[in-house]
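Novice: Sequence first, predicted coordinates after that:
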Amino acid sequence: MTSLRNLISRFALMLMAWLMGFSALVYLASETLLHRFVDGRLLALADTLAEIIDHHPDILNIPPPDQAPLVNITPDAKNQQEIHGILHFLRVFSPDGRLLWKSPNASALPLISPAMLHRVLIERTVYETVAMPDGTPSRRLFVSVTREGAVRYVLQAETSLLHYQTAMSELLILLIVSSGATLLVTWLGSLWLAKKVLTPIEALCTGAETMSEADLGKRLALDSPYLEFRRLTQAVNSVLDQFQRNSETQRNFCEIAAHEMKTPLTILRGTLEVALLKARTAEEYREVLLSNLEQVDRLIALTRPLLTLAKFTSSKPPVQLAPLALEPFLHEIVQELTLLAHDRQIALSLDLQPVPPILGDAQWLKQAMINLLDNALRYTPPGGTVTVRTRAEERTVAIEVEDTGHGIEPEHLPHLFERFYRTEWARAKDAAGTGLGLPIVKEIVEAHGGTISVASRVGQGSVFTLRIPAYFDQTRLAPTQAAHSPFPTTT
């Protein structure tokens, strides 16, 4: 696994390699451009000399072949000044290699070699680089000038490469110095950057690694002027907050679950120990078994909601949202519970208004509705009524479960959806209850993006209201105002 420090070092090495390549490219490009500049200047000088000769043909008085060549012909003062101001070293040769004319600052030697003369007559334009007697490099250009299809003379333009060589040497020194300084700064900068970046991260890692379960209340502190590190610290502390909350919730849940399971297990153990103290009749053993069976049923009733909570992901049920029509959905649930309501002599009815579909998971919503209706039927006396209502609101659909039971005292309403919480009246009424039904309903409703609230008054009953986001397809229903409830409400 590659560390961040190695990554920064690799990037610095890549930058160094790129800088060295760029410096080499600059040097080669500069050399090529200067080379082309020199060659272009020589060609311009040769063209200028050819134009002067065309305008002043008397400069070159080429003698017949049987006469001696004119080696040092000098133009008049005006032409010589014009040539001297433009050219460096200029010579004119005849097609057979005789020197016809040279500029005042050019030496008569060396003459053009037969091989070079032959090459010029074929290629017409030839460049070469030679070393002068003093070791200075020189650039030469040979151009053959033709008139009426025959070579009339050969021009030679020559310039010293001393300044060119000096410029390239200075450029090379400049590139080496600047590249070396840049490479040094880059390397030192990479080390500084790695230290600046890794020191806070190492501090966070050390703090997180040394943190134990007893230190969950502590938070990491990082004194850094950089916003990114502050955000990283806040993110880590947020994760620790969530972890602490989950850990405390899990611990409390285990403690309460163990406490709730301890009572029936203690009763089971006590009755069995008493039954084993002496021999008993078959009827007495039967009573012991019936008593233990009640405690087993209580444990089973407690285990079922615990298994339901165990299915939740991050304390939320894994719902699969899809459009769901409420009318057939509620009809099916009420039909399943009608027999139970009839046995308890309670009237279970529906009061459904036209509402749009909701976004919901039928399986989880069915469990939530069964939990609510089971509570309503459990705590409603015989002869009472339980009614399921629906109504459309602005962006949600409200589902109400109203009963005519005992009601809930106001001081219990804020704690009603806490796990294992039960009122004294509920414990006395139904000792087999677990206190997990309403918390499960709340988790299911919130997983759907909805809310649950309760309004209750002692002696008149309770109204539990679920609000689930509506699903609008083509038709949008007009919003309606929520009905006013005379009971105190909590969520």
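Specialist: The structure has been received and is ready for your questions.

Novice: so residue 435 sits in a helix?
Specialist: No: going by DSSP: H, G, I helix; E, B strand; the rest coil, the assignment for residue 435 is coil, not a helix.

Novice: what number of residues lie near it?
Specialist: 19 (other Cβ atoms under 10 Å). (Glycine included, C-beta is placed from N, CA and C.)

Novice: Helix, strand, or coil at residue 130?
Specialist: Using three-state DSSP, the structure places residue 130 in strand.

Novice: what about it, distance to residue 32?
Specialist: Distance, residue 130 to residue 32, by Cβ to Cβ, to the nearest Å: 20 Å.

Novice: Return the helix or strand in the protein with minimum mean pLDDT.
Specialist: helix 77-86 (a mean of 41; mean pLDDT, DSSP states H and E).

Novice: Tell me the helix or strand right after the helix or strand hosting residue 374.
Specialist: Taking DSSP states H and E as the definition, one finds residue 374 inside helix 362-378. As assigned by DSSP H and E, the chain's next helix or strand after helix 362-378 is strand 385-392.

Novice: what about that following strand, distance to the chain center?
Specialist: Its chain's C-alpha centre and that of strand 385-392 lie 47 Å apart, by Cα atoms, centre = their mean, to the nearest Å.

Novice: And whichever helix or strand comes after that strand, what does it pack against?
Specialist: Of the helices and strands lying after strand 385-392 in sequence (DSSP H and E), the nearest is strand 396-403. If contacts are counted by 3 or more Cβ pairs under 8 Å, 6 or more residues apart in numbering; DSSP states H and E, strand 396-403 sits against helix 326-343, helix 362-378, strand 385-392, strand 461-469.

Novice: How about residues contacting the third one?
Specialist: By that I understand strand 385-392. Contact with strand 385-392 is made by 326-327, 330, 334, 341, 346-356, 369, 373, 376-377, 380, 397-404, 470, 477, 479-480, 482-483, as judged by Cβ atoms under 8 Å, 6 or more residues apart in numbering.

Novice: Then the second one?
Specialist: Taking Cβ under 8 Å, 6+ apart as the criterion, the residues outside helix 362-378 that touch it are 308, 317, 319, 322, 324, 329-330, 333-334, 336-337, 340-341, 344, 346, 348, 386, 388, 399, 401-403, 405, 429-430, 433, 437-438, 440-441, 444-445, 447-448, 462, 464, 466, 468.

Novice: Please apply the same query to the first one.
Specialist: With Cβ under 8 Å, 6+ apart as the contact definition, helix 326-343 has outside contacts at 347-350, 352, 355, 357-358, 362, 365-366, 369-370, 373-374, 377, 386, 388, 390, 397, 399.

Novice: one more time with 10 Å
Specialist: Contacting residues not belonging to helix 326-343 are listed as 346-350, 352-358, 360, 362, 365-366, 369-370, 372-374, 376-378, 380, 382, 384-386, 388-390, 397, 399, 468, 470 [Cβ atoms under 10 Å, 6 or more residues apart in numbering].

Novice: Go through that helix and flag the buried ones.
Specialist: Neighbour-count burial for helix 326-343 flags 326, 329, 330, 333, 334, 337, 341 (criterion: 16 or more other Cβ atoms under 10 Å).

Novice: Who are the packing partners of the helix or strand following it?
Specialist: Note on helix 326-343: by DSSP H and E, the next helix or strand toward the C-terminus is strand 347-352. Counting contacts by 3 or more Cβ pairs under 10 Å, 6 or more residues apart in numbering; DSSP states H and E, strand 347-352 packs against helix 326-343, helix 362-378, strand 385-392, strand 396-403.

Novice: Filter the contacts of helix 362-378 down to the buried ones and express that as a ChimeraX selection.
Specialist: Typed into ChimeraX, the line below selects the buried ones among those, using 16+ other Cβ under 10 Å:
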select :308,317,319,324,329,330,333,334,337,341,344,346,348,386,388,399,401,402,403,405,433,437,438,440,441,444,445,447,448,462,464,466,468
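
Novice: what residue ranges in the stretch 301-450 of the chain score low on pLDDT?
Specialist: Where the stretch 301-450 of the chain drops to pLDDT under 70, the residues are 301-302, 304-316, 420, 422-434.

Novice: which one of the buried residues of helix 326-343 is nearest residue 262?
Specialist: For the buried residues of helix 326-343, the residue nearest residue 262 by Cβ to Cβ is residue 337; the value is 32.0 Å.

Novice: Show me what residue 89 is bridged to.
Specialist: residue 158 (DSSP bridges).

Novice: Enumerate the positions of the helix holding residue 374 that are buried.
Specialist: Of all the residues in helix 362-378, those buried under the rule 16+ other Cβ under 10 Å are 364-369, 371-373, 375-378.

Novice: cool, stretch 229-236 as well?
Specialist: Buried positions in stretch 229-236, judged by neighbour count with 16+ other Cβ under 10 Å: 229, 232, 233, 236.

Novice: From the chain's centre, how far out is stretch 276-283? Work that out for me.
Specialist: In terms of Cα atoms, centre = their mean, the centre of stretch 276-283 is set 72 Å apart from its chain centre.

Novice: Average pLDDT for that stretch, rounded please.
Specialist: Averaging pLDDT along stretch 276-283 gives 81.

Novice: For it, C-alpha coordinates in CSV please.
Specialist: In CSV, the C-alpha atoms belonging to stretch 276-283 read as follows (Å, rounded to 0.1, in the frame of the first residue of the first chain):
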residue,chain,number,x,y,z
LEU,A,276,-38.7,-30.0,43.0
LEU,A,277,-38.6,-29.5,46.7
LYS,A,278,-41.0,-32.3,47.4
ALA,A,279,-43.2,-34.8,45.6
ARG,A,280,-46.5,-33.3,44.2
THR,A,281,-49.7,-34.5,42.7
ALA,A,282,-50.3,-34.5,39.0
GLU,A,283,-52.7,-31.6,39.4
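
Novice: And for it, what's in contact with it?
Specialist: Residues outside stretch 276-283 that contact it (Cβ under 10 Å, 6+ apart): 274, 284, 285, 286, 287, 288.

Novice: Buried only: go through these for me.
Specialist: Buried subset of these (neighbour count, 16+ other Cβ under 10 Å): residue 288.

Novice: I appreciate the help and will end here.
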